[in-house]
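Enquirer: Make a model of this:
(2 chains)
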Amino acid sequence: MTPARTALGLALLLTLGCAAHADGPPEIVLDRDACSRCGMLISEARHAAAFRTADGAVRVFDDIGCLRGAAADTQGLTVWVHDGSEGSWMNAGEATFVVSSGIRTPMAGGVLAFRRAADAERAAARHHGRIVRSVTELLATKGAGS
Amino acid sequence: MKSARAVRIGSGLAAAGLVLLSAWLPLWRMTMKAPQYPKGLRLYAFGGGMDGDLRELNILNHYIGMPPITAPAMETAIFPIGIAVLAALCLLTPLHAWVRRAAIAATLIVPVGILADLQWRLYDFGHSLNPTAPIRLKAFTPLVIGPTRMGNFVSIAIVSWGFLCLLAAAAVLWLSGRGARPPRVASVTAVRHAASVAAALSVILFPPAARASIAPGLLQARIDAAPRGATLFIARGVYQGPIVVRGPLTLVGEPGAVIDGGGRGSVVRIEGDEVVFRGFGVRNSGREVTEEAAGITVTGHRHRIEQNDVRDVYFGIHIGAGSQAIVRDNVIAPGTARGARPGHGISAWNLTDSAISGNRISDARDGIYLSFTSHLTVSDNVVTRSRYGLHSMYSQQAAFEGNTASGNLLGAALMMSDRLVLRGNRIERHREGAAAYGVLLKDIGELVADGNLIAGNRIGIYAEGVSPQPGREALVARNVIAGNEVGLALQRTAALTLTGNRIADNLTDVRALGRELSPAMQWSRDGRGNFWGQYRGYDADGDGIGDVPYALHDAMDAVIRREPSVQAFLYTPAHLAIEAAARMFPLYRQAPVLVDGHPLMTAPTRGAR
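Expert: Here you go, the predicted structure:
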C-alpha cells in the first residue's frame, strides 16, 4: 500500500468515525471536535449539545448557549443536551433547563439541562436561576452568550 | 476552757483536712479560648503536676516552639512533703500559739510560693521558644492570674479550689484559739495517700512530649490561632486538608510542606484580604466539575499566591471575586488522575488589576483562563501539554507578555474580549486537533500583537470577527510568523493591520478562508509593510522598502479549492513545484490574496521598531 493510499484510507476512516449515529446524538470527541458556532474545542461533556435539522445536517456545540444562538429555525429540529448531573446525552425534549448568569459555561451561555426536575430545582436554587420547562421555550428566547 | 481547747483541736483537724484536700484539688487553672476551640482548652496545676487538655496544648505549643508542658520535677517532688509538713503543723497547732502562728504563716506562704513558682514557669515557657519552630512568635509572659492574649487565643488564669483550701486552712487557724494535742497517726496514711495519688497523677497525666503528628484539623487550628497579619512557617510534612485561610495572614510552607485535600472540594480556600500563600505542595482536590474544586480557591483582594506546587487537582488555582492579586511562580499540573479530565491551570473570573506571572503550567484544560476580568497582566508563564495555553473570554484590558505556549492544542485564544496586548510571547508547536492554532483571535476589538514568535503551528494566527471601533485597530506588528503550515488564516470578518512582521517559511503564508480577505485588512502602516520570505523584489533607492509591491498568490490554495483531494500532495515536491511554476509562469494567476505595498527588504528583528 502506498503512503498516499494509506492516507486516503485513514481519512476515510476518520470521516466515518465522526459520522453521527443514524438517530441518536452525535459522538463528540472531547478536545478534538470544535463547536460549530464559536469554534472552541468541546472539552466539557456536561455542557456539550447538538442538533439535527430537518434535512439531516448535524451540528455540535460546546455550550447550550451556542446551540441557542445557532438554532434560528426550530422547525423539525432534534436537539440533544447533556444531563447536568450525570453528564450523559439526553433528548432535549426530556430536559428541564436552568438559566442563570451565575452558571459558568464555556461560552457563558449560562444554561444547564437536567433529566430530573428535582436536580433542576436544586441547581436553580444554588445559582439563583430561572427554570425553563421546555426546549421550545428555551430556544424561543436568546440568552447571554448567544 | 474545755470548749476552747476543743475548738483548737477541731480547727487543727479542719485545717489539716483542708491542707490534705488541697492535694487532690487543682491549685490553679488557665482557660484558653479561641474561635476554633469554642469550649476552650484548660490547663490545671495540681500539687502533683499539670492536667487538662495537655495533648492539644502541647501540639499547639510544638508549633510555636514552646517546650511541652510537663510536671516540674522539683516541685512535684517537694509538694507531698510540703503538704505532709503543713498538715502536721496544722495538727500540732493546739500545742502552742507559736506553732499555730507558724502553721498560719506556712499555709499562706505555700500557696503564694506556688503561684510565684507558676509565674516563673510561665515566664520560662514564654521565653524558651525554639527559634526554628514553624511559627515564630515574640517571647511573651502568660500571667498567672488574669487574661493574656496570644494570637487569637485569650488565656484567663485564676486560682482554683486547692489554693482556696490552703487559704481557708490559714483562716480557720487564724480564727481558732490556742491549745495543744499531739498529732494523730491516722493523718500519716492520708499523707501517704496524697503522695501516691500525686505520683500517679504525674505519671498518668503527663504523657511523653507530643509527637509532631499532623492530624486533620491541626494545620487549620494553627491558622485560626494566628493573629491577624501574622506569618506562619509550616514545617515539612503532609497535612490533611481542606484548609481555609482567612486574611490578612502570611503562610509559608517550608520545603516538603504538602497539603492533601483528601479528594473532597478545594484543598485550600483563601478568603478575606491580603493572604500570602507561599511554598506549599497542594494535592488531591475533589474532581466534581459542578463544585469547581481547585487546588487553591481564592476570593478577595490583594492576595499573593506564590511558589506553590499544585498537582492532581481539578482546577489548579481558581481565583475570582476580587482584585489586586498576584499569582506567580507556581508550578501547576492538574493532570488526569483517576480518569477525570483536568480543569484550567489558573482560572481567573471576575478579577481586576491583577498579575499572573512566572507560573509553569502543564496538563490542564486551559493553562491560564481569564473570564470577565479587567486589567490583568499575564506575563512570563509557560504552558505546555494543555488544551489552550492562554485563553481570554469576555475580558477587558488583558496583557499577555513574555509567555511561552508550546505543544498545546492551541496557543493563545483571545475571544469576546477587548483592549488586548499580546507582546513578546513564544507560541510554538500547536499542531494537533481541530483548532491547532498558534493564536486564535475571535470577536475581539482593539489589539496590539507585538514582537511574538509564532512558529511551527498548523495555523499561526487564525482570526475572525476582529473589527475594532473606528480610531482603534487590531495591530499585528514586528512578529515572526514562521514555519507554520499556514501563517495566517483569516476569515473575511477579520480586519487586522500588519506591519514589520516577518512572514516566512510557512507552507502557506496567508490563506483567505472565505472567498477573499476583508477589504479592511491593512498589510502596511505608515509606509512600512512586512518582510515576506517569498518576496522577490528589489530596493533601488535603498530605503529598505521594496520598490515593487508584494502580491501574494496562493496557487496551491487555488488548486486545492478546485480539487480538495490534492491536499494529499501538500508539502511534497509536487506542491513546491506548483508554487514555483506559478511564480515563474503565471498560468493559474487569479486576483492576489493580498498586496503589501511596502514590503521590507530585510527581516526585522522580532520586536524591534
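
Enquirer: List the residues that contact the closest residue to chain A within the stretch 401-550 of chain B.
Expert: The stretch 401-550 of chain B approaches chain A most closely through B:Ala434 (4.4 Å), counting by CB to the nearest CB. Yep, even glycine has a C-beta here, placed from its N, CA and C like the rest. By CB atoms under 8 Å, 6 or more residues apart in numbering or on different chains, the contact list for B:Ala434 reads A:32-34, A:41.

Enquirer: Could you identify which of those residues has the most neighbours?
Expert: Across the contacts of B:Ala434, the neighbour count under other CB atoms under 10 Å in any protein chain shown reaches its highest value at A:Leu41, namely 23 neighbours.

Enquirer: The residue of the stretch 101-250 of chain B found nearest chain A: what's it in contact with?
Expert: Per CB to the nearest CB, the residue of the stretch 101-250 of chain B with the smallest distance to chain A is B:Pro242, at 19.5 Å. Counting by CB under 8 Å, 6+ apart, B:Pro242 makes contact with B:261-262, B:264-269.

Enquirer: Go back to those residues and keep what's next to chain A.
Expert: Subset of those in contact with chain A: empty, counting by CB under 8 Å from any CB of the partner chain.

Enquirer: Which ones among those map onto strands?
Expert: The strands, defined by DSSP state E, take in B:268-269 from the contacts of B:Pro242.

Enquirer: Nearest to B:Ala235 among the contacts of B:Pro242?
Expert: If you rank these by distance to B:Ala235 using CB to CB, B:Val268 comes first, at 17.0 Å.

Enquirer: That closest one is in contact with B:Asn284, isn't it?
Expert: No - using CB atoms under 8 Å, B:Val268 is not in contact with B:Asn284, being 11.4 Å away.

Enquirer: Mind checking which of those two has more residues around it?
Expert: Set side by side, B:Val268 and B:Asn284 show more neighbours around B:Val268, with 27 against 21, by other CB under 10 Å.

Enquirer: Quick check: beta-bridge partners of the more buried one?
Expert: B:Val268 has these beta-bridge partners by DSSP bridges: B:Ile243, B:Ile296.

Enquirer: B:Tyr462 against B:Tyr437, yeah?
Expert: Yes - with contact defined as CB under 8 Å, B:Tyr462 reaches B:Tyr437; the gap is 4.3 Å.

Enquirer: Give me the more crowded residue out of these two.
Expert: Applying other CB under 10 Å to B:Tyr462 and B:Tyr437 shows that B:Tyr437 carries more neighbours, namely 29 against 26.

Enquirer: list the contacts for the more buried one?
Expert: B:410-411, B:413, B:430, B:457-462, B:489.

Enquirer: Close to chain A: what parts of the stretch 401-550 of chain B are there?
Expert: B:409-410, B:413, B:415-416, B:433-435, B:440, B:442, B:464.

Enquirer: By pLDDT, give me the weakest of these.
Expert: For those, the weakest pLDDT value sits at B:Ala434, with 80.

Enquirer: ok, the residue of the stretch 501-609 of chain B found nearest chain A - how many residues close by?
Expert: Chain A sits closest to B:Ala568 of the stretch 501-609 of chain B, with a gap of 5.5 Å, by CB to the nearest CB. Number of residues near B:Ala568 (other CB under 10 Å) recorded here: 14.

Enquirer: picking that back up, overlap in contacts of B:Val268 and B:Asn284?
Expert: By CB under 8 Å, 6+ apart, B:Val268 and B:Asn284 have these common neighbours: B:241, B:261.

Enquirer: Could you check how far the most centrally placed residue in chain B is from B:Ala434?
Expert: Among the residues of chain B, the one closest to the centroid is B:Phe277, at 3.6 Å (CA atoms, centre = their mean). Going from B:Phe277 to B:Ala434 by CB to CB, to the nearest Å gives 38 Å.

Enquirer: where does chain B come near chain A, residue by residue?
Expert: Counting by CB under 8 Å from any CB, chain B comes close to chain A at B:289-290, B:292, B:341, B:349, B:365, B:371-372, B:387-388, B:393-394, B:409-410, B:413, B:415-416, B:433-435, B:440, B:442, B:464, B:568.

Enquirer: Got a quick PyMOL command for the buried subset of the residues you listed?
Expert: Here is the PyMOL command that selects the buried residues among the residues of chain B next to chain A (16 or more other CB atoms under 10 Å in any protein chain shown):
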select buried, chain B and resi 289+292+341+349+365+371+372+387+388+393+394+409+410+413+415+416+433+434+435+440+442+464
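
Enquirer: Now go through the residues of chain B next to chain A and say which are in helices.
Expert: Using DSSP state H, no member of the residues of chain B next to chain A sits in helices.

Enquirer: quick revisit: and the contacts of B:Ala434, which two are the farthest apart?
Expert: Every pair of the contacts of B:Ala434 checked by CB to CB; the farthest is A:Arg32 and A:Ala34, at 8.2 Å.

Enquirer: which neighbours do the two share?
Expert: Contacts common to A:Arg32 and A:Ala34, judged by CB under 8 Å, 6+ apart, are A:41, B:434.

Enquirer: Okay, helices next: where are they in the chain?
Expert: All of this is about chain A. Going by DSSP H, chain A shows helices at A:3-18, A:64-70, A:117-127, A:135-140.

Enquirer: You answered for a different chain; I wanted chain B.
Expert: B:2-24, B:54-63, B:73-92, B:97-126, B:161-175, B:186-205, B:218-225, B:555-562, B:573-584.

Enquirer: tell me what the third one is packed against?
Expert: Right, the one you point to is helix B:73-92. helix B:2-24, helix B:97-126, helix B:161-175, helix B:186-205 (3 or more CB pairs under 8 Å, 6 or more residues apart in numbering or on different chains; DSSP states H and E).

Enquirer: again, only this time at 6 Å
Expert: For helix B:73-92, the packing partners by 3 or more CB pairs under 6 Å, 6 or more residues apart in numbering or on different chains; DSSP states H and E come out as helix B:2-24, helix B:97-126, helix B:186-205.

Enquirer: What average pLDDT does that helix get?
Expert: Helix B:73-92 comes out at a mean pLDDT of 84.

Enquirer: for the longest one, same thing?
Expert: pLDDT averaged over helix B:97-126 equals 85, rounded to a whole number.

Enquirer: Contacts for the longest strand along chain B, please.
Expert: The longest strand of chain B (DSSP E) is strand B:346-357. Applying CB atoms under 6 Å, 6 or more residues apart in numbering or on different chains, the contact partners of strand B:346-357 are B:315-328, B:368-380.

Enquirer: Just the buried residues out of those residues, in ChimeraX syntax.
Expert: Buried residues among the contacts of strand B:346-357 (16+ other CB under 10 Å), as a ChimeraX selection:
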select /B:315,316,317,318,319,320,322,323,324,325,326,327,328,368,369,370,371,372,373,374,375,376,377,378,379,380
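
Enquirer: just checking, which of the contacts of strand B:346-357 belong to strands?
Expert: Those of those lying in strands (DSSP E): B:315-323, B:326-328, B:368-371, B:374-379.

Enquirer: Quick check: chain neighbours aside, which residue is closest to A:Ser101?
Expert: With sequence-adjacent residues excluded and distances taken as CB to CB, 6 or more residues apart in numbering or on different chains, A:Ser101 is closest to A:Gly110, at 5.0 Å.
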